[in-house]
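Novice: prediction below, plus the sequence it came from.
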Amino acid sequence: MKTSIIKKSDLTLAVSEKLMVGGYLYDRERLYQISAIKEDGGVIVDEINPITLEVTKDGYYKGYHISKSSLEEYYKVLGADAEEIKALAERVLNGETIEEFTESDDTALMSLNNKETLLALKDDISKACAVAEKTRKYAELIMQQQIKDLKARMQPIQDMVKKMKNEVKRLDYVIQTIETYMGIKEDLIRLQKGEPSSETTPIVFRQAVIFMDEEMALIDDDFDWQKSDRFDKWLLEDNHYKDLMPDEKSMVALKPRRTDKLYTDGNTASDRLYNWMMNENNHQTVFLVRNGENLYKIESEHIILTDRMFPNKDEYENILKAESAEKGNVIRHNQTESETFRKRYTQVAFLMQGLIDRSDVFSPHNVKGSFLNLEGIEDGQICLRYELDLSHALGDGRLPIKDWLRKVNSTLCEGKRIVLIPKQFGLEYGYEFDKDYDFIKYYSNKFSTPSIPTEGIYTLEAIGEEQKKGYYKTYDYAIKYKPKDDYYWYHSRKNRVSIRVQVKSQYNDTIYGVLNYDDVNMDDIEYYLNSRLHRSQYFRFVRLLKKVKDLYLKERVAENEYIKMFVGQIMARELKAKGGYGLEEVVRVAIETVKNRLKWKRPITAKEKETYTLVERTLFSKSFIDKYFVRNGI
């Protein structure tokens with residue numbers, strides 16, 4: 001007697017995806033039987049009626065040839081005995097349903113040493129899921145032969161297939177979590193051997209992911225995953241690892257880059273695919289563990305983070321409390337966004353717990369109990385550093401670098417100098433010129449259009465109101481320059497050209513690649529180059545800040561000869577600096593005073609007679625002498 005339920009045991013049919021003569025194929029509409037297999041990988045088929053399993057009367061699909069490429073793209077192997085699959089499909093169409101599958105604690109994270117049971121369970125469900133999927137498809141083929149409106153009756157089996165697939169996916173996650181805890185598919189590399197920290201030293205886990213390209217930016221503007229070995233060496237040079245990990249016993253997460261790198265500027269499908277494939281490695285996560293003078297690098301296949309190793313304080317404590325409240329630390333599967341968020345960081349927690357329990361990287365330590373149950377945190381043996389949690393963080397009074405840049409550039413006017421870094425291939429952030437609209441002069445074709453300015457210092461010049469309004473943005477000023485290695489109708493250009501630049505955004509946005517050189521403070525430059533706050537914005541400006549610092553130091557060298565000349569004149573006049581100033585400092589004050597008075601800023605060097613005279617008059621004026629000097633013996 002027929003039952004009204006198809007048991008899961010009925011779905012454990014032998015399934016093979018191998019092509020064989022007498023086997024069956026199907027596409028979205030038809031069922032075929034293979035009559036021959038060609039040497040080139042193609043097949044000869046006859047169309048079969050899914051109800052009678054006989055060759056259809058329509059002669060078009062009798063002896064029909066299917067090429068190898070079409071076979072791989074459009075057809076699927078039935079992979080089971082057609083009679084058995086047909087019988088199951090007919091039972092479904094007659095109203096029978098598949099036995100209800102329920103999730104239970106015994107199929108979740110039962111124990112950390114029961115991986116084999118979970119693997120067997122996953123394999124069993126996967127096979128049943130495959131048969132159920134083929135049964136669903138075969139029933140659809142029968143329905144196409146009979147009544148189309150019976151499709152509505154297929155929803156229960158579709159839901160069942162979906163539930164089975166979800167269970168397989170959940171078991172995959174559970175297995176991955178166990179492997180993470182046990183260190184399976186994990187590489188542990190010792191970078192440095194030394195004395196470990198004491199047993200009482202707390203273990204510190206730092207929230208912020210460290211991006212290697214930002215750490216290496218001062219010495220390498222083009223860092224990516226291919227240079228990871230260079231980063232490992234840099235860590236050990238001058239103990240740089242202590243700057244990244246000041247706590248003696250700690251762990252941080254690392255990624256090669258925060259943003260994608262452009263490996264090719266082409267716009268074809270293959271170019272985009274190549275960029276994507278190369279950047280996949282730039283977002284892989286590794287972990288760095290320090291224990292005193294010991295340094296380890298850990299690579300795990302299962303964990304890929306964003307910009308933090310664990311969420312903010314309140315979020316993470318709620319996750320761990322919810323986790324510990326469930327029986328046996330059960331990890332339930334749910335497709336919601338919050339569950340995905342929770343599962344990502346739960347795996348990190350299992351990695352932390354695994355390193356404490358099974359590994360010697362943190363030994364000696366006195367952490368007792370389960371970190372997953374918040375044990376060890378409250379007694380101070382484990383510390384979580386919430387570096388990115390602004391609700392618990394204290395600033396240092398400095399503006400974020402984007403706000404500081406806008407503030408410095410707000411004082412730009414005609415005559416002041418800017419440092420310009422144009423955007424170009426391989427440079428992610430810089431000033432972006434439009435060669436069609438930014439030139440003051442109109443150029444009729446690409447052969448006559450000049451090349452854009454190279455990076456360097458340029459002086460701002462005023463432009464008329466009619467020139468300020470461009471095609472899609474408002475310009476502020478123009479700069480003049482001689483295009484480098486540029487030719488105009490096969491002749492080298494002799495004159496400078498003018499191109500418009502935008503230094504202040506009308507929407508209060510940041511203009512990348514431009515900085516007010518004359519009003520910048522070198523203390524600010526040093527701070528933003530070396531500060532670890534607001535690191536998410538760091539890489540956008542590091543090249544510009546480095547260029548400003550380099551140009552500033554070169555200009556100071558040129559001014560040094562100038563200063564030595566005036567120091568000699570001061571000594572000849574028997575003047576002595578007062579107020580704790582040195583003679584060189586007083587001359588620099590005079591130089592800065594002259595710079596502030598000049599509308600057209602320029603380097604102060606001994607080669608320019610005009611600036612020499614201005615500094616001399618300022619330095620030896622009565623008011624300046626009274627303020628900064630006393631005569632010897634007075």
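Specialist: Noted; the coordinates are in hand.
Novice: now do stretch 537-549, average pLDDT.
Specialist: Throughout stretch 537-549, pLDDT has a mean value of 85.
Novice: with just CA atoms, put that stretch into CSV.
Specialist: The C-alpha atoms that make up stretch 537-549 are tabulated as CSV, following Å, rounded to 0.1, in the frame of the first residue of the first chain:
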residue,chain,number,x,y,z
GLN,A,537,42.2,57.6,4.7
TYR,A,538,46.0,57.3,4.8
PHE,A,539,46.8,55.8,1.5
ARG,A,540,44.9,58.4,-0.5
PHE,A,541,47.3,61.1,0.6
VAL,A,542,50.6,59.5,1.4
ARG,A,543,52.1,60.1,-2.1
LEU,A,544,51.1,63.8,-1.9
LEU,A,545,52.5,64.2,1.7
LYS,A,546,55.7,62.5,0.8
LYS,A,547,56.2,64.9,-2.2
VAL,A,548,55.5,68.0,-0.1
LYS,A,549,58.0,66.8,2.5
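Novice: and the contacts of that stretch?
Specialist: Residues outside stretch 537-549 that contact it (CB atoms under 8 Å, 6 or more residues apart in numbering): 211, 213-214, 217-218, 221, 258-259, 400-402, 405, 419, 421, 427-430, 455, 512-515, 517, 520, 522, 525-526, 528-529. (Each C-beta comes from the backbone N, C-alpha and C, glycine too.)
Novice: just the residues you listed: which are in strands?
Specialist: Secondary structure of these is defined by DSSP state E; positions in strands are 211, 419, 514, 515.
Novice: just these now: which is nearest residue 45?
Specialist: residue 211 (54.7 Å; CB to CB).
Novice: does the closest one have beta-bridge partners, and which?
Specialist: In this structure, residue 211 has beta-bridge partners residue 255, where bridges are defined by DSSP bridges.
Novice: how far away is it from residue 19?
Specialist: 49 Å (CB to CB, to the nearest Å).
Novice: so between these two, which is more surrounded?
Specialist: Under the criterion of other CB atoms under 10 Å, the comparison of residue 211 against residue 19 puts residue 211 first, with 23 against 14.
Novice: for that one, give me its contacts.
Specialist: By CB under 8 Å, 6+ apart, the contact set of residue 211 is 254, 255, 256, 257, 258, 535, 539.
Novice: let's see 10 Å
Specialist: 217, 223, 253-259, 282, 307, 535-536, 538-539 (CB atoms under 10 Å, 6 or more residues apart in numbering).
Novice: same thing with residue 614?
Specialist: By CB under 10 Å, 6+ apart, the contact list for residue 614 reads 590, 591, 593, 594, 595, 597, 598, 604, 608.
Novice: ok, now residue 32?
Specialist: Contact criterion CB under 10 Å, 6+ apart gives 23-26, 43-48, 55-56, 61, 64, 66, 75, 78 as the residues in contact with residue 32.
Novice: please name the nearest non-neighbouring residue to residue 146.
Specialist: residue 51 (7.6 Å; CB to CB, 6 or more residues apart in numbering).
Novice: so what's the residue count around that neighbour?
Specialist: When neighbours are counted by other CB under 10 Å, residue 51 registers 14.
Novice: what about it, which SS state?
Specialist: Remark: residue 51 carries the secondary structure label coil [criterion: DSSP: H, G, I helix; E, B strand; the rest coil].
Novice: what score does it have for pLDDT?
Specialist: Confidence score, pLDDT, at residue 51: 84.
Novice: could you pull out the strands for the stretch 351-500 of the chain?
Specialist: Using DSSP state E, counting those that start in this stretch, the strands of the stretch 351-500 of the chain run over residues 382-385, 417-420, 456-459, 477-481, 487-488, 491-492, 497-501.
Novice: revised request: answer the last question for the stretch 1-150 of the chain.
Specialist: Chain-ordered strands for the stretch 1-150 of the chain, with DSSP E, counting those that start in this stretch as the definition, fall at 5-6, 24-26, 31-37, 43-48, 62-66, 76-77, 97-98.
Novice: looking at those strands, which one has the lowest mean pLDDT?
Specialist: Across those, strand 97-98 has the smallest mean pLDDT, namely a mean of 78.
Novice: now do it: everything it contacts.
Specialist: 4-8, 10-11, 88, 91-92, 128, 132, 135-136, 156-157, 159-161, 163-164.
Novice: run me through the strand neighbours of that strand, direction for each.
Specialist: Under the criterion DSSP bridges, strand 97-98 sits next to strand 5-6 (parallel) in its sheet.
Novice: buried subset of the contacts of residue 211?
Specialist: For the contacts of residue 211, a burial check counting by 16 or more other CB atoms under 10 Å picks out 217, 223, 253-258, 282, 535-536, 538-539.
Novice: and the residue lying closest to residue 603 once chain neighbours are set aside, what element?
Specialist: Nearest in space to residue 603, with sequence neighbours left out and distances taken as CB to CB, 6+ apart, is residue 555 at 5.5 Å. Secondary structure from DSSP states H and E places residue 555 in helix 538-572.
Novice: report the buried residues of that helix.
Specialist: Using 16+ other CB under 10 Å as the burial criterion, the residues of helix 538-572 that qualify are 538-549, 551-552, 559, 562-563, 566, 570.
Novice: residue 283 and residue 258 touch, don't they?
Specialist: Yes: with contact defined as CB atoms under 10 Å, residue 283 reaches residue 258; the gap is 9.0 Å.
Novice: confidence score at the residue sitting nearest the centre point of the chain?
Specialist: Centrality entry for the chain: nearest residue to the mean C-alpha point is residue 258, 3.5 Å, by CA atoms, centre = their mean. Per-residue confidence at residue 258 stands at 87 (pLDDT).
Novice: how far away is it from residue 304?
Specialist: For residue 258, the distance to residue 304 equals 14 Å [CB to CB].
Novice: same deal with residue 221?
Specialist: Summarising the geometry, the distance separating residue 221 from residue 304, computed by CB to CB, is 26 Å.
Novice: quick revisit: and the strands of the stretch 1-150 of the chain as a markdown table, adding distance to residue 507?
Specialist: Rendered in a markdown table, the data for the strands of the stretch 1-150 of the chain read as follows (distance: least, CB to CB, whole Å):
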| stretch | distance to residue 507 |
| --- | --- |
| strand 5-6 | 63 |
| strand 24-26 | 57 |
| strand 31-37 | 61 |
| strand 43-48 | 62 |
| strand 62-66 | 58 |
| strand 76-77 | 54 |
| strand 97-98 | 58 |
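Novice: of all the ones you listed, which lies closest to residue 504?
Specialist: Across those, residue 504 has its closest neighbour in strand 76-77 (61.1 Å, CB to CB).
Novice: can you list the strands that the closest one pairs with?
Specialist: Within its sheet, strand 76-77 is paired with strand 24-26 (antiparallel), according to DSSP bridges.
Novice: any idea how far the partner strand is from the middle of the chain?
Specialist: Between the centre of strand 24-26 and the centre of its host chain there is 44 Å, according to CA atoms, centre = their mean, to the nearest Å.
Novice: any stretches of the stretch 51-200 of the chain with poor pLDDT?
Specialist: Counting by pLDDT under 70, the low-confidence segments of the stretch 51-200 of the chain come to 58-59, 100-114, 147-154, 173, 176-177, 179-181, 183.
Novice: span of stretch 217-235 from start to end?
Specialist: With CA to CA, to the nearest Å as the measure, the first residue of stretch 217-235 is 14 Å from its last.
Novice: scratch that, stretch 501-511 is what I was asking about
Specialist: This stretch, stretch 501-511, spans 10 Å end to end (CA to CA).
Novice: what residues sit buried inside that stretch?
Specialist: Buried residues in stretch 501-511, counted by 16+ other CB under 10 Å: 501, 502, 503, 504, 510, 511.
Novice: rewinding a little: now for the contacts of residue 211: which two are most distant?
Specialist: Maximum pairwise distance among the contacts of residue 211 (CB to CB): 18.7 Å, between 217 and 253.
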